[in-house]
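Enquirer: Mind looking at a prediction? Sequence and model below.
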Amino acid sequence: MISLAIPELGSWEGKIFVGILGFSWATYMWEEYLAYRQRRVYKENVIPPKELKNIMERETYDKARAYSLDKSKFGLVEGAFNQILSTGIMVYGGFPALWAASGQFIQWLGFSPEAEIPQTVAFVCIGSLLNNILSLPWSAYYTFKVEQKHGFNKQTPGFFIKDKFKKFVVSQVIASPVVAGLVYIIKAGGDYFFVYLWGFTMVVVMFFMTVYPDYIAPLFDKYEPLPEGELKSRIEELAAQIEFPLTKLYVVEGSKRSAHSNAYFYGFFKNKRIVLYDTLLEEYTPLNEKEGEKEEKETENKEKKKTGCNTDEVLAVLGHELGHWKLNHVLKGIIISQVNLLLVFSVFGSLYKYSPLYNAFGFHHSQPAFIGLIIVMQFVFAPYNEILQFLLTMFSRHNEFQADAFAKELNHATNLISALIKLNEDNLGFPVYDPLFSAWHLSHPPILERIRALEEKKKE
Ligand SMILES: [Zn+2]
């Protein structure tokens, strides 16, 4: 039976309930307002602004505009659905219902009804399964309608389903022991359990950062060493020049998923790797195109525009990426997130026995540790998370300018500008932004601002 699970509004739990739901709707309206402002920019800028003259052809501009509008409209409908869904879950007591169902499930498996760790693991698995089922149609529509229409989708329905399924299984295998560990520590850690909780998450994060590239990422995508040649030797030169401890250079078959392109590096201490998307490289036949198809494609390509960057431009992009390393942006990010976690966990440490918090979510008879953790991290901290996210976005934009300046110091400014232009074109990025939307959402500065900053730097 489905019945309302709204607490009595005058009580503490009622106030918490209203506060949390109210804040959720306030942020939703704010996000929609920003999205509406940005949509207006797409609609109104039918003719490209003058400053784009040398940056985008008219045809690409029109395509980028159409693509952005479609994405924005999709986001509008999906966002409304999710907001109504999450409100429904709160109002109808979705969390306690799922918790009870998980309890029945583990009893059926033979566990005692008091066994909180197995119940929590079941809760996370079933919850994630439901979440996946509910988001599947949206994800499928986005991939096969929106991305497909604009020429980005490279997935077949078979790949899509298999990929989703694999992701679900792998994330359950990873999440289950972690969740079990968290609950165990909260229960057994005594007064200062939050310190152990913090240490535990730090170890878990480090562990997965170490094993992910070698053992988890290859389950989903094909990584091949970058073939010997000019590009490889020049990347090695660049790494040596700035003392980047490069150990491996990979190309990942991003082209199997989409035509969007990227590059990144990862690894600890003296063991760093660089990964290039095959879609980033102009002179690279996507790994997933078979030999026969290749010839076909080559004749086809003569008519079609080339995508990706040439060797100089790829080096400029890497100059930027390695700037993030040289300037300690990654380390700073890890430190910020660890300090933040310690703060969140210590607040959780003082709140986790506070029963109105559980009552507000319909947990009247039990106070499961993991539920408390979700309530505090996700709901009590919601306003704080919004502010933190905004500051991190600002921080990221600042770092992007710094990394661009670093690439310029390596004499890559001109190539970086042309790479930015090409990548923006390949990815159909729309170059005009509403200032408020841009300030709130963009982790990378708009392309025009980056080019302007690079041009300024070149003059110095
Ligand atoms: Zn960057």
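Expert: The structure has been received and is ready for your questions.
Enquirer: For the rest of this, base every contact and every neighbour count on C-alpha atoms.
Expert: Fine.
Enquirer: who touches stretch 96-112?
Expert: For stretch 96-112, contacts defined as Cα atoms under 8 Å, 6 or more residues apart in numbering pick out P113, P118, Q119, T120, A122, F123, I126, G127, F361, G362, F363.
Enquirer: what about 7 Å?
Expert: Applying Cα atoms under 7 Å, 6 or more residues apart in numbering, the set of residues contacting stretch 96-112 from outside is P113, P118, Q119, A122, F123, G362, F363.
Enquirer: again with stretch 387-395
Expert: The set of residues that contact stretch 387-395 without belonging to it, under Cα under 7 Å, 6+ apart, is W440, H441, L442, S443.
Enquirer: Helices - which of the contacts of stretch 96-112 land there?
Expert: Restricting the contacts of stretch 96-112 to those inside helices, with DSSP state H as the criterion, leaves P118, Q119, A122, F123.
Enquirer: Look at the last one and report its pLDDT.
Expert: Per-residue confidence for F123 comes out at a pLDDT of 97.
Enquirer: one step back: now, which of the contacts of stretch 387-395 sits nearest P49?
Expert: The shortest separation between P49 and any of these is 20.2 Å, and it belongs to L442 (by Cα to Cα).
Enquirer: circling back: would you format the ones in helices among the contacts of stretch 96-112 as CSV with neighbour count included?
Expert: Below are these laid out as CSV (neighbours: other Cα atoms under 10 Å):
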residue, neighbour count
P118, 23
Q119, 25
A122, 22
F123, 23
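Enquirer: Go through the contacts of stretch 96-112 and say which is closest to V46.
Expert: Closest to V46 out of the contacts of stretch 96-112 is F123 (49.2 Å), distances taken as Cα to Cα.
Enquirer: tell me the contacts of the closest one?
Expert: With contact taken as Cα under 7 Å, 6+ apart, F123 is in contact with L98, W99, S102.
Enquirer: Looking at those, state which has the most neighbours.
Expert: The member of the contacts of F123 surrounded by the most neighbours (other Cα atoms under 10 Å) is S102, with 23 neighbours in all.
Enquirer: Could I get the average pLDDT for whichever strand or helix holds that one?
Expert: Following DSSP states H and E, one finds S102 within helix 94-108. Mean per-residue pLDDT for helix 94-108: 95.
Enquirer: Distance-wise, check the closest residue to K166 other than its chain neighbours relative to V170.
Expert: The spatial neighbour of K166 that comes closest, neighbours along the chain excluded (Cα to Cα, 6 or more residues apart in numbering), is F220 at 7.9 Å. Between F220 and V170 the distance is 10 Å, computed by Cα to Cα, to the nearest Å.
Enquirer: Could you work out the most separated pair of the ones in helices among the contacts of stretch 96-112?
Expert: Among the ones in helices among the contacts of stretch 96-112, the pair separated by the greatest distance (Cα to Cα) is P118 and F123, which sit 8.5 Å apart.
Enquirer: What count of nearby residues applies to V330?
Expert: For V330, the count of nearby residues is 13 (other Cα under 10 Å).
Enquirer: Look up how far H365 lies from it.
Expert: 44 Å.
Enquirer: What of E114?
Expert: When Cα to Cα is the yardstick, E114 and H365 sit 12 Å from each other.
Enquirer: same check, this time on W325
Expert: Taking Cα to Cα as the criterion, W325 is separated from H365 by 50 Å.
Enquirer: The two: which is more packed in?
Expert: Neighbours were tallied for W325 and for H365 using other Cα under 10 Å; the higher tally belongs to W325 (15 against 9).
Enquirer: Quick check: pLDDT value at the more buried one.
Expert: 91.
Enquirer: which element is it on?
Expert: Taking DSSP H and E as the definition, W325 sits inside helix 311-326.
Enquirer: mind saving the C-alpha coords of whichever helix or strand comes after that helix as PDB?
Expert: For helix 311-326, the following helix or strand on the C-terminal side (DSSP H and E) is helix 329-351. As requested, the backbone C-alpha atoms of helix 329-351 are provided in PDB (Å, rounded to 0.1, in the frame of the first residue of the first chain):
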ATOM      1  CA  HIS A 329      45.900  21.400  -9.600                       C
ATOM      2  CA  VAL A 330      45.200  17.700  -9.100                       C
ATOM      3  CA  LEU A 331      46.800  17.600  -5.700                       C
ATOM      4  CA  LYS A 332      45.000  20.800  -4.600                       C
ATOM      5  CA  GLY A 333      41.700  19.100  -5.700                       C
ATOM      6  CA  ILE A 334      42.400  16.000  -3.700                       C
ATOM      7  CA  ILE A 335      43.300  18.100  -0.600                       C
ATOM      8  CA  ILE A 336      40.100  20.200  -0.900                       C
ATOM      9  CA  SER A 337      37.900  17.100  -1.200                       C
ATOM     10  CA  GLN A 338      39.600  15.400   1.800                       C
ATOM     11  CA  VAL A 339      39.300  18.400   4.000                       C
ATOM     12  CA  ASN A 340      35.700  18.700   3.000                       C
ATOM     13  CA  LEU A 341      35.000  15.100   3.800                       C
ATOM     14  CA  LEU A 342      36.500  15.400   7.200                       C
ATOM     15  CA  LEU A 343      34.100  18.300   7.900                       C
ATOM     16  CA  VAL A 344      31.100  16.500   6.600                       C
ATOM     17  CA  PHE A 345      31.900  13.300   8.600                       C
ATOM     18  CA  SER A 346      32.500  15.300  11.800                       C
ATOM     19  CA  VAL A 347      29.100  16.900  11.400                       C
ATOM     20  CA  PHE A 348      27.600  13.500  10.700                       C
ATOM     21  CA  GLY A 349      29.400  12.300  13.900                       C
ATOM     22  CA  SER A 350      27.500  14.700  16.000                       C
ATOM     23  CA  LEU A 351      24.200  14.300  14.200                       C
END
